[in-house]
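Student: Could you work out the structure for the sequence below:
(chains A, B, C and D)
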Number of protein chains: 2
Amino acid sequence: MGNGRVTVVDIAKAAGVSKSTVSLVLQGSPLVNEATRAKVTAVMRELGYVYNRGAANLRQSGANSKIIGVVVNDLTNGFFAELAVGVDMVVQSAGFVQFLANTSENLDRQREVIASMREHGISGLIVSPARGTKASDLKPLVAAGIPVVVAVRQVPGAKVSSIVSDNHDGLFAAVRHLVALGHRRIAFLGGFRDTAVFMERLQGYRDAMAGCDLTPDEALVIDAGPSRAGGFDAIGRALALADPPTAAVCFNDAVAFGACDGLRAAGIEPGKDFALIGFDDVIEAKTAVPALTTISVDPQGMGRRAAQLLLKQISAGKPEAEAIVASVRLVVRESCGAPATPETAQAPQAG
Amino acid sequence: MGNGRVTVVDIAKAAGVSKSTVSLVLQGSPLVNEATRAKVTAVMRELGYVYNRGAANLRQSGANSKIIGVVVNDLTNGFFAELAVGVDMVVQSAGFVQFLANTSENLDRQREVIASMREHGISGLIVSPARGTKASDLKPLVAAGIPVVVAVRQVPGAKVSSIVSDNHDGLFAAVRHLVALGHRRIAFLGGFRDTAVFMERLQGYRDAMAGCDLTPDEALVIDAGPSRAGGFDAIGRALALADPPTAAVCFNDAVAFGACDGLRAAGIEPGKDFALIGFDDVIEAKTAVPALTTISVDPQGMGRRAAQLLLKQISAGKPEAEAIVASVRLVVRESCGAPATPETAQAPQAG
DNA sequence: CTGTTAGCGCATTCAA
DNA sequence: TTGAATGCGCTAACAG
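Tutor: Predicted coordinates for the structure are as follows:
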């Protein structure tokens, strides 16, 4: 029945030893008699003692708090939830705990949570930054010698480690794939133009189109929210064009799902009458649309790598983190054999 | 250029006052001269001072750490991610921060993270328990006077507040709805039998079936993982029955999505040739399958309510939390006009 | 209104 | 091997 707060002195008293001895037992020091250690641990269990990391951390000059902060821009998005899970895995395994906050793309909130985390003495930070995050937002952290790794989105001038997917090459490969299948009118659907990720992917799209001697048509680039609803909207606008596409590569899987919904609503079967490729790997993408080709970036793996990167920096005690960019491998998982020519696409068309 | 760690004495020295004065400024005390307060805050900003909550908390006898722990059984599931987001909202607004951990349904890990959270001095805990969680797992917390609220799943003998959805009535209503549409062979798909949630929902299903004079057929109760893959599997087994169902209510939305996939794979259009109802509210359920009827329980709202419940207990300083059960309202959002009789099911569509 | 003193729970010297 | 001091950064009492 451990009621109130039990401290080392309490258990020292009860075990008939001094506080220091208890402290040594706590950190598994080999300098303590096995018999006394057993007695101490027994008393600890009996009295319901709980280690006070705050106090310990305070004494150790605030070095390692064993807590790492994780801030994501949208936990509602399966991708970022998986990312957080990946981080959590290695963080927990390393004996750390995770301070997780969701910013909902809100810069003010992001500032708040990061400040709050600093007050709690995080020993490192992993952040999937909100749109518009500037290097100055991360500056105080690195100035204080707190390791920071940025994931998913890059922050322009920040001197921190980062891990992002190879957006350009991923989209480049996707477009080449579609062209190889015979498609010539290929749309790029979804995403916000003011993000670096969008521009990188768009550039991959454009480069691939240009490399295949396809006439660039800006009307085929349709930005929309990076969500299912956005995809639904985007495909609708695409199909409404005078010269609609026969294939599309989507900003992410959520958009691709929405595009599937939209195609079905228009009486077009995705993967059969229309080729679709999605970027990113939201939960269980393969069962969502069996015929959907995806460029996969494993969010959990990304989270794990980010965490490993951070832990390495923490243990290295490196004050200023170098700017390391780790590319994630992109792979086309399934082949999508959609017909390409206008003749085959004309059948049940719903212009 | 705030380099090393700046403390109150540093800023006191720089501002030409004493530590206490700085402390008073920190907590916004009205007992300090406006001029000195301005000077102190200016120096704080200049030196890049960061408040050390650990030390403050230590001095205050470990009362309020301003951190609340959140443990969920599966952050990969959109429902729980949304739940965490809901919690985060009110927690952040109240000036607290969230310690979030994912247990992946692992009891050992759950014990670990809860222990870790205690060491860090959480002032409250919200937990969506892993399968098999026993009251004894929460006992130490309540014994230590730490408020705990259990969400989503109940823990049998635990003397803690809890917030769960009205599983029985939700499923009861769903079945009645399908019966009203003319269905008689109604399956119950997905979920694990060893959870209280499953049994409650199953009981609702059975009670509704019995109330409608429908012969109970245990073959129509098909358990499977509460995931998209599980739903895909379950519907496959259902359709393979000698006397297959014409409608189904699913354990959750993920299962329902999987069931949709399975139906389509079998050439059956969900919401047209087969009526489907999903429980729970995963992200953007409405766009996933336009015709899918859902029993909705808003996970974010649930998270918010859980957090409010917890904060109330924290502020009330209530040592032993009473067992409060808060029901969540369940609503059928859309009507699903699926044909019921075998005769109409063979025609393309029936009025 | 501001300065002084004294710990919060722990780990780290130093002696014994 | 173990016990007695000391201080981490901060707040809570009282003094001035």
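Student: pLDDT value on the residue of the stretch 51-200 of chain A found nearest DNA strand D, please?
Tutor: The nearest approach of the stretch 51-200 of chain A to DNA strand D comes at A:Arg59, 3.5 Å away (C-beta to the nearest atom of the strand). Placement of C-beta: from N, CA and C, glycine included. Per-residue confidence at A:Arg59 stands at 84 (pLDDT).
Student: State the distance from it to B:Arg153.
Tutor: Between A:Arg59 and B:Arg153 the distance, using C-beta to C-beta, to the nearest Å, works out to 39 Å.
Student: More neighbours: which of these two?
Tutor: A direct count of neighbours by other C-beta atoms under 10 Å in any protein chain shown for A:Arg59 and B:Arg153 places B:Arg153 higher, at 17 against 10.
Student: hey, where'd the strands end up in chain A?
Tutor: Ranges of strands within chain A are A:67-72, A:97-102, A:124-127, A:148-151, A:161-165, A:186-189, A:221-222, A:247-250, A:275-279, A:293-296, A:325-328, A:331-332, based on DSSP state E.
Student: Name every strand pairing with the third one and say which way it goes.
Tutor: Partners of strand A:124-127 in the sheet, by DSSP bridges, are strand A:67-72 (parallel), strand A:148-151 (parallel).
Student: For A:Ala316, the count of nearby residues, please.
Tutor: 10.
Student: which stretches of chain A aren't confidently modelled?
Tutor: A:1-4, A:61-63, A:280-291, A:317-351 (pLDDT under 70).
Student: quick one: the residue of the stretch 51-200 of chain A closest to DNA strand D and DNA strand C, what's the gap?
Tutor: Separation of A:Arg59 from DNA strand C (C-beta to the nearest atom of the strand, to the nearest Å): 4 Å.
Student: before we move on, what about A:Cys260?
Tutor: A:Cys260 sits 55 Å away from DNA strand C when distances are taken as C-beta to the nearest atom of the strand.
Student: Which residues in stretch A:259-269 does the neighbour count mark as buried?
Tutor: A:Ala259, A:Cys260, A:Asp261, A:Gly262, A:Leu263, A:Arg264, A:Ala266, A:Ile268 (16 or more other C-beta atoms under 10 Å in any protein chain shown).
Student: Would you agree the fifth one is in contact with A:Phe274?
Tutor: Spelled out, it's A:Leu263. Yes: if you go by C-beta atoms under 8 Å, A:Leu263 and A:Phe274 touch, sitting 5.5 Å apart.
Student: give me the number of residues near A:Ala238?
Tutor: Neighbours around A:Ala238, by other C-beta under 10 Å: 23.
Student: First-to-last residue distance for stretch A:92-106?
Tutor: 27 Å (C-alpha to C-alpha, to the nearest Å).
Student: List the buried residues of that stretch.
Tutor: Applying 16+ other C-beta under 10 Å to stretch A:92-106 flags A:Gln92, A:Phe96, A:Val97, A:Gln98, A:Phe99, A:Leu100, A:Ala101, A:Asn102, A:Thr103 as buried.
Student: Just the C-alpha atoms of stretch A:295-302, please, in PDB.
Tutor: Output of stretch A:295-302 as PDB, limited to C-alpha atoms (Å, rounded to 0.1, in the frame of the first residue of the first chain):
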ATOM      1  CA  ILE A 295       5.900   4.600 -54.900                       C
ATOM      2  CA  SER A 296       6.500   3.400 -51.400                       C
ATOM      3  CA  VAL A 297       8.300   5.200 -48.600                       C
ATOM      4  CA  ASP A 298       7.900   3.300 -45.300                       C
ATOM      5  CA  PRO A 299       6.900   5.800 -42.700                       C
ATOM      6  CA  GLN A 300       7.800   3.600 -39.800                       C
ATOM      7  CA  GLY A 301      11.200   2.900 -41.300                       C
ATOM      8  CA  MET A 302      11.600   6.600 -41.700                       C
END
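Student: List, one by one, the residues from chain A near DNA strand C.
Tutor: Counting by C-beta under 7 Å from any atom of the strand, chain A comes close to DNA strand C at A:5, A:7-9, A:19-20, A:23-24, A:26-27, A:51-52, A:55-56, A:58-60.
Student: are any of those buried, and which?
Tutor: Buried by 16+ other C-beta under 10 Å: A:Arg5, A:Thr7, A:Val8, A:Leu24, A:Leu26, A:Tyr51, A:Asn52, A:Ala55, A:Ala56, A:Leu58, out of those.
Student: Widest-spaced pair of the residues you listed?
Tutor: Greatest spatial distance in these: A:Arg5 and A:Leu24, 21.3 Å, computed using C-beta to C-beta.
Student: before we move on, the earlier item: please identify the most buried of the strands of chain A.
Tutor: Compared across those, strand A:247-250 shows the largest average neighbour count, a mean of 30 (mean count of other C-beta atoms under 10 Å in any protein chain shown).
Student: what are the pairing partners of that strand, and which direction each?
Tutor: Assessed with DSSP bridges, strand A:247-250 is paired to strand A:186-189 (parallel), strand A:275-279 (parallel).
Student: which residues are contacting the shortest one?
Tutor: Outside of strand A:186-189, the residues within contact range by C-beta atoms under 8 Å, 6 or more residues apart in numbering or on different chains are A:171, A:175, A:178-179, A:201-202, A:205, A:209, A:214, A:220-222, A:224, A:231, A:234-235, A:238, A:245-251, A:255-256, A:259.
Student: Just give me the neighbour total for the residue lying closest to A:Gly230 once chain neighbours are set aside.
Tutor: Counting by C-beta to C-beta, 6 or more residues apart in numbering or on different chains, A:Gly230 lies nearest to A:Ala224, which is 3.7 Å off, once chain neighbours are set aside. Residues near A:Ala224, counting by other C-beta under 10 Å, number 23.
Student: Ok, the one 3 residues further on next?
Tutor: Residues lying near A:Ser227 (other C-beta under 10 Å) number 22.
Student: Got the phi and psi for it?
Tutor: Backbone geometry at A:Ser227, expressed as degrees, to the nearest 10, gives phi -130, psi 170.
Student: thought it was touching A:Ala256?
Tutor: No: using C-beta under 8 Å, A:Ser227 is not in contact with A:Ala256; the gap is 11.1 Å.
Student: contacting residues for whichever residue of chain A sits closest to DNA strand D?
Tutor: The minimum distance from chain A to DNA strand D, using C-beta to the nearest atom of the strand, falls at A:Ser18 (3.0 Å). Residues in contact with A:Ser18 (C-beta under 8 Å, 6+ apart) are A:Ala12.
Student: Please report how far it lies from A:Thr36.
Tutor: In terms of C-beta to C-beta, A:Ser18 sits 11 Å off from A:Thr36.
Student: Then A:Ala248?
Tutor: The value you get for A:Ala248 to A:Thr36, if C-beta to C-beta is used, is 71 Å.
Student: neighbours of A:Arg37, just the number please.
Tutor: Quick note: A:Arg37 (other C-beta under 10 Å) scores 19 neighbours.
Student: where do the helices sit along chain A?
Tutor: In chain A, the helices defined using DSSP state H lie at A:8-15, A:19-26, A:34-47, A:53-59, A:78-93, A:107-119, A:135-143, A:167-180, A:196-211, A:228-239, A:253-265, A:285-288, A:299-316, A:342-345.
Student: which of those sits most buried?
Tutor: Among these, highest average neighbours (mean count of other C-beta under 10 Å) belong to helix A:253-265, with a mean of 26.
Student: Now do that helix: which elements does it pack against?
Tutor: strand A:186-189, helix A:228-239, strand A:247-250, strand A:275-279, helix A:285-288, helix B:285-288 (3 or more C-beta pairs under 8 Å, 6 or more residues apart in numbering or on different chains; DSSP states H and E).
Student: Helix A:253-265 and the longest one, what's the angle between them?
Tutor: Orientation check (axes from the mean of the first three to the mean of the last three C-alpha atoms, to 10 degrees): helix A:228-239 against helix A:253-265 gives 50 degrees.
Student: quick one, what contacts the closest residue to A:Pro147 other than its chain neighbours?
Tutor: Nearest non-adjacent residue to A:Pro147, counting by C-beta to C-beta, 6+ apart: A:Gln313, 3.9 Å away. Shown in contact with A:Gln313 (C-beta under 8 Å, 6+ apart): A:Gly124, A:Pro147, A:Val149, A:Ser161, A:Ala321.
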